[in-house]
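[1] Below is the sequence, then the predicted model.
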Amino acid sequence: MSTTLDFNRNEDKVKMLVSHMKQKAEKVHEGGGKKKIEAQHAQGKLTARERIDYLLDKGSERIEIGTFTADDMYSEWGGCPSGGVVVMIGYVSGKQCIVVANDATVKAGAWFPIAAKKNLRAQEIAMENRLPIIYLVDSAGVFLPLQDEVFPDKEHFGRIFRNNAIMSGSGIIQVAAIMGSCVAGGAYLPIMSDEAFIVNKTGTIFLAGSYLVKAAIGEDIDNETLGGATTHCEISGVTDYKCENDKDCLDKIRNVFDKIGAFEKAGFDRKKAIAPKKDTNEILGILPETREKPYDMRDIIERLVDDSDFEEYKTEYGKSILCGVARVDGWAVGIVANQRKIVKSKKGEMQIGGVIYSDSADKAARFIMNCNQKRIPLVFLQDVTGFMVGSRSEQGGIIKDGAKMVNAMANSVVPKFTIIVGNSYGAGNYAMCGKAYDPRLIVAWPTAQLAVMGGEQAAKTLLQIQVSTLKAQGKEITPKDEKELLDNIMDRYKKQMSPYYAASRLWVDEIINPLDTRKWISMGIEMANHAPITKQYNVGVLQT
């Protein structure tokens, strides 16, 4: 542990980052702004967040996916807070589920490109974990100025309906409520769900609205007659439940969920939860004020796991990665964590904290295989600058040992959960289960940084390239010019390393308060327990 002075300085820095995160979240929660919220209320409608809050069990735990989606994006269109859609994992009538709600205060709930990506992420979570999904629909459809980025490609809007069909065929529960506009291709989403609810007078669903009908076939008709609750509940039979208002609709959904039967479980081990012996709040003072300083990752682990009990695997071998089993909120977990302390290797050599060495990669690969053998979910705590480079590492086979670790992790059949504590650079991000390797959930602390390499190294590399290019063009570069170039590169690169840059693009599911980490892991494993493991674990050709 740090000295009292260091601890206080560290704690102040992290608390400031958490406070900044909360302030940004509060702004996001306003959606399109107070006037738009008032307009929604004037129509007798709740906002997306009010609907979710009313639907979920009172006092129950919940976690939001993608609060900061589209942060600092689409400025030319006035922004798109949270991507215009709110996604929450919580409990309805005691059943864990994921809720997706269009925010009609943001461009009438129109689908921006990032909104499609966020909806697909929500469906991916539902499919991977066989988690019931509830859609609260209130959308004007595709945002037409950006239709070429939303409509035709594989991971665009149409993929959502494909997923509806796949989930239906797989027996994953889907329920939809039409609580506002639901037009054109978007009309398929609720009707491809198992059951569809519609709110009288405010909910409408049709392939073409009244103006388009008039233009296309010359028919004069109003939207309510064309596709309102009465039409679809009494004439077409398209929808299943007619609701008087938003609250009545949400009450009916709760009533339906109250009758859902038990599900087959994956069988992950859980015992009664025990709070960590060591004070969880101390996590905030352990992370150094500057990311270059070392610290002992065990201090973090012991404040995250039940009873602060961490049974470490191969303690004296491969010391730059910590592996071991523990419990989090009662759930058995296998932890793979980067050690940021400077340690001695088995040969007595000093190893830099946060760097993956050959022996550490070998140890981690073996541990991951053991957890798969025992059906223990994996938790990765990332604070990694990459793999060790240089002649000694290359001659020692770092590439092959790193490949073993990546192979063992990528082929894992037990659920994986990734927490980016600090640095997440280059191939280290990959080996420690970055987004490309299908973690069930991946979140970042406000202290996180994601990039192909550290800011200073990247900026100097980019500077050398830029200076060489300018000199080749016959331009004279003074030391002052070089400094200006370096400052500009650093500013741009630092912005791209920010966890908000990553969260904005859904490279991480959420930025979280470090003190909420136990909740995220626990709810994540509970979610994963809905999906029995059906695949055989096989690491392929790279056997250790």
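    In hand now; what should we look at?
[2] if you count residues, which helix in this structure comes out on top?
    For the chain, the helix with the greatest residue count under DSSP state H is helix 4-28.
[3] continuing past that one, what's the next helix or strand?
    The helix or strand immediately downstream of helix 4-28 is helix 34-42, counting by DSSP states H and E.
[4] So for that following helix, what gets flagged as buried?
    The neighbour-count check on helix 34-42 (16 or more other CB atoms under 10 Å) flags Lys36, Ile37, Gln40 as buried. Just so you know, the C-beta spots here come from the backbone N, C-alpha and C atoms, and that holds for glycine as well.
[5] Repeat that for stretch 307-325.
    Buried positions in stretch 307-325, judged by neighbour count with 16+ other CB under 10 Å: Ser308, Phe310, Tyr313, Lys314, Gly318, Lys319, Ser320, Ile321, Leu322, Cys323, Gly324, Val325.
[6] Which residue, neighbours along the chain excluded, lies closest to the fourth one?
    When the adjacent residues along the chain are set aside, Lys314 lies closest to Lys363, with 5.0 Å between them (CB to CB, 6 or more residues apart in numbering).
[7] what's the answer for Thr204, then?
    Per CB to CB, 6+ apart, closest to Thr204 is Gly227, 4.7 Å.
[8] can you pull the contacts of the one you found?
    Contacts for Gly227 were tallied using CB atoms under 8 Å, 6 or more residues apart in numbering; they are Thr204, Ile205, Phe206.
[9] Which pLDDT value goes with it?
    pLDDT for Gly227: 86.
[10] got any ranges where the protein has weak pLDDT?
    For the chain, the stretches with pLDDT under 70 are 1-2, 185, 345-350, 389-391, 393-397, 453-463, 540-544.
[11] cutoff 50 now
    The chain contains residues with pLDDT under 50 at 544.
[12] ok so, going back, in a markdown table: the buried residues of helix 34-42, plus distance to Leu381.
    Shown next, in a markdown table, are the buried residues of helix 34-42 (distance: CB to CB, whole Å):
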| residue | distance to Leu381 |
| --- | --- |
| Lys36 | 40 |
| Ile37 | 39 |
| Gln40 | 41 |
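[13] Closest one of these to Gln536?
    Closest approach to Gln536 among the buried residues of helix 34-42 (CB to CB): Gln40, at 50.3 Å.
[14] Could you report the separation of Ala177 from Gly171?
    Remark: distance between Ala177 and Gly171 (CB to CB, to the nearest Å) = 21 Å.
[15] what does Val86 give?
    Separation of Val86 from Gly171 (CB to CB): 26 Å.
[16] Tell me the buried residues in stretch 465-484?
    Residues of stretch 465-484 classed as buried under the neighbour-count rule (16+ other CB under 10 Å) are Gln466, Val467.
[17] That should have said stretch 484-500, apologies.
    Of the residues in stretch 484-500, Leu485, Leu486, Ile489, Met490, Tyr493, Met497, Ser498, Pro499, Tyr500 count as buried by neighbour count, 16+ other CB under 10 Å.
[18] what's the answer for stretch 189-206, then?
    Buried-residue list, stretch 189-206, by 16+ other CB under 10 Å: 189-200, 202-206.
[19] And that stretch, how far out from the chain middle?
    28 Å (CA atoms, centre = their mean, to the nearest Å).
[20] Pretty sure Gln536 sits against Val413.
    Yes. Counting by CB atoms under 8 Å, Val413 is a contact partner of Gln536 at 7.4 Å.
[21] ok, these two, which is more surrounded?
    Set side by side, Gln536 and Val413 show more neighbours around Val413, with 13 against 8, by other CB atoms under 10 Å.
[22] mind listing the helices for the stretch 101-250 of the chain?
    With helices called from DSSP state H, counting those that start in this stretch, the stretch 101-250 of the chain shows them at 113-129, 158-170, 188-191, 210-217, 223-227, 229-230, 246-257.
[23] List just the one of these that sits closest to Val384.
    Nearest of the helices of the stretch 101-250 of the chain (CB to CB): helix 113-129, 23.7 Å.
[24] Counting by contacts, list what the closest one packs against.
    Helices and strands touching helix 113-129, by 3 or more CB pairs under 8 Å, 6 or more residues apart in numbering; DSSP states H and E, are strand 63-65, strand 85-92, strand 95-102, strand 133-139, helix 158-170, helix 517-528.
[25] Give me whichever of those is most buried.
    Stretch with highest mean neighbour count among the helices and strands packed on helix 113-129: strand 133-139 (a mean of 27; mean count of other CB atoms under 10 Å).
[26] and the angle from it to helix 34-42?
    Interaxial angle, strand 133-139 versus helix 34-42 (axes from the mean of the first three to the mean of the last three CA atoms, to 10 degrees): 100 degrees.
[27] Parallel or antiparallel, list what pairs with strand 133-139.
    Using DSSP bridges, strand 133-139 pairs in its sheet with strand 95-102 (parallel), strand 174-183 (parallel).
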